[in-house]
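Participant: Structural data only, the sequence is not supplied:
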């Protein structure tokens with residue numbers, strides 16, 4: 001099985017449909033912290049909908065269009081990272097993340113996202129990696145900064161959730177922005 005050690009206590013692993021029960025228990029714990037930032041968290045409310053969320057990502061991964069990874073801390077699923085979109089034709093992908101309260105304060109998201117960024121640039125030849133977040137989601141914006149991303153701008157009122165409009169910040173990192181990229 002594929003697993004990457006993030007820390008002595010934490011691993012990054014694929015998150016797949018057969019793990020729907022564990023995923024649902026995790027999302028139930030995480031919901032207060034990730035809703036509305038992760039839209040599918042709102043819709044993963046029972047075993048069938050949780051499995052459907054994981055299956056959508058598995059289908060997209062089979063088309064090389066997205067990927068979904070879980071983060072386990074001391075053997076418990078506490079969050080994850082994902083390529084929300086992955087397009088090798090354009091060389092552009094988007095990274096996203098989520099984390100329940102039990103996983104905060106360990107640098108897990110930053111470590112996992114950095115591994116994904118390195119892989120996307122070095123192995124897959126991506127040119128641009130994007131990070132989209134609400135300006136209200138300060139923790140997410142802070143991760144983008146730690147990853148060396150630049151704030152490209154803010155899209156005003158472009159995301160509607162539960163009868164409210166949200167702005168979206170667009171952060172990015174280009175292949176040439178990385179230290180040593182010109183070498």
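Facilitator: Looks like it arrived, so ask away. Since the structure is predicted, the reported quantities are computational estimates derived from the model, not experimental observations.

Participant: Flag every buried residue along the least confident helix or strand in the chain by mean pLDDT.
Facilitator: Least confident helix or strand of the chain, by mean pLDDT, DSSP states H and E, is helix 39-43 with a mean of 80. By 16 or more other Cβ atoms under 10 Å, the buried positions in helix 39-43 come out as 40, 41. Bear in mind the C-beta positions are built from the backbone N, C-alpha and C, glycine included.

Participant: If you count contacts, what does that helix end up packed against?
Facilitator: Judged by 3 or more Cβ pairs under 8 Å, 6 or more residues apart in numbering; DSSP states H and E, helix 39-43 is in contact with helix 20-34, helix 47-62.

Participant: Quick one: closest of these to residue 104.
Facilitator: helix 20-34 (8.2 Å; Cβ to Cβ).

Participant: Name the residues of stretch 127-137 that come out as buried.
Facilitator: So, applying 16+ other Cβ under 10 Å, buried residues of stretch 127-137: 128, 129, 130, 131, 132, 133, 134, 137.

Participant: Can you pull the poorly scored residue ranges out of this structure?
Facilitator: For the chain, applying pLDDT under 70 flags the ranges 1, 179-183.

Participant: rerun that using 80 as the cut-off
Facilitator: Counting by pLDDT under 80, the chain has low-confidence residues at 1, 36, 39-40, 178-183.

Participant: all strands in it, in order from the N-terminus.
Facilitator: Under the criterion DSSP state E, the chain contains strands at 4-5, 10-14, 67-73, 76-87, 92-99, 128-133, 150-161, 164-174.
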